[in-house]
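# Give me a model of this one.
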Amino acid sequence: MSGVRAKVLFIYNDHVATEALLGEAFLAHGFDVDTFEVVPAARGTHAAGDVEFPDPTGYDVIVPLGARWAVYDPALLDTWVTAEAAMLRDAAAAGVALLGVCFGGQLLAHAFGGSVTRAPVPEIGWYDVDSTDHELIPPGRWFQWHADRWTLPPGAVEVARTAGASQAFLLGRTLGLQFHPEVDRPLLETWLADDDGELAAFGITSDELRSQTTTFVDTAKVQRLVEAFVTRVARQPCPSS
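So this is what the prediction gives:
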């Protein structure tokens, strides 16, 4: 990452799941930002389909973001989920750092030998996250909206969790997150407008999430997470082959 400006690629696995606060944080740390859309809005909820992913070696960091889909959906495994997982493994082998968010974190777990299954209880809202590495994952409230959870890939180290699910793992130059550090009020409003009744099914109101987000969103905490990821994970020496 010397000389030229570093580049980060945000992968939109769902057109409503964008980088928001994470994009701002990477820009603040000197990165140029590119995006790639996997499932465009025109496809609606029909997520399956073949996708040709960009060459990962053109980037210093790749960030697969969230999605409403399940990593283990057979139709997706037969198409782009398997292709994206292969691209992420190729990226890691080439020395590209990876930061996965929610679905993206689950995809990283899957790609590197872990598993993803339905969680006994979904997590939606702002949850207290316990961290064993306060510099990398600042403890406290982080936003959640997920019904699946991962088991750790071989060799991965869990660095954060809630009572209901693992929340962060490290594997070499890869960091998987279950929570959503990117969420701000505008992104939340996009998700609320797109909600198909999931909140009501779990007894949660839009106004509750709005109020919680106003209280708990913390741009400085997101900046600290990205700074620690960049300095401690993305810029650590690549393992020798």
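# Quick one: mean pLDDT for the longest strand anywhere in the chain?
Longest strand in the chain by number of residues (criterion: DSSP state E): strand 115-131. Averaging pLDDT along strand 115-131 gives 97.
# for that strand, which positions count as buried?
V116, P122, E123, I124, G125, W126, Y127, V129, S131 (16 or more other Cβ atoms under 10 Å). In short, each C-beta sits where N, CA and C put it, glycine included.
# for it, packing partners?
helix 103-111, strand 140-151, strand 157-161, strand 166-171, helix 206-216 (3 or more Cβ pairs under 8 Å, 6 or more residues apart in numbering; DSSP states H and E).
# center of this structure, which residue is that?
Nearest to the geometric centre of the chain sits V101, at 0.8 Å (Cα atoms, centre = their mean).
# residues touching that residue, list them.
Taking Cβ atoms under 8 Å, 6 or more residues apart in numbering, we find V101 in contact with L22, V63, P64, L65, G66, L177, H180, P181, E182.
# Dig out what it forms beta bridges with.
L177 (DSSP bridges).
# From L187, how far out is it?
12 Å (Cβ to Cβ, to the nearest Å).
# Regarding this structure, what is its longest helix?
helix 80-93 (DSSP state H).
# tell me which strands and helices it is in contact with?
Using 3+ Cβ pairs under 8 Å, 6+ apart, helix 80-93 is in contact with strand 61-64, strand 97-101, helix 103-111.
# Tabulate the ones you listed in a markdown table, adding columns for mean pLDDT and distance to W80.
Below are these laid out as a markdown table (pLDDT from 0 to 100; distance: least, Cβ to Cβ, whole Å):
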| stretch | mean pLDDT | distance to W80 |
| --- | --- | --- |
| strand 61-64 | 98 | 11 |
| strand 97-101 | 98 | 15 |
| helix 103-111 | 98 | 10 |
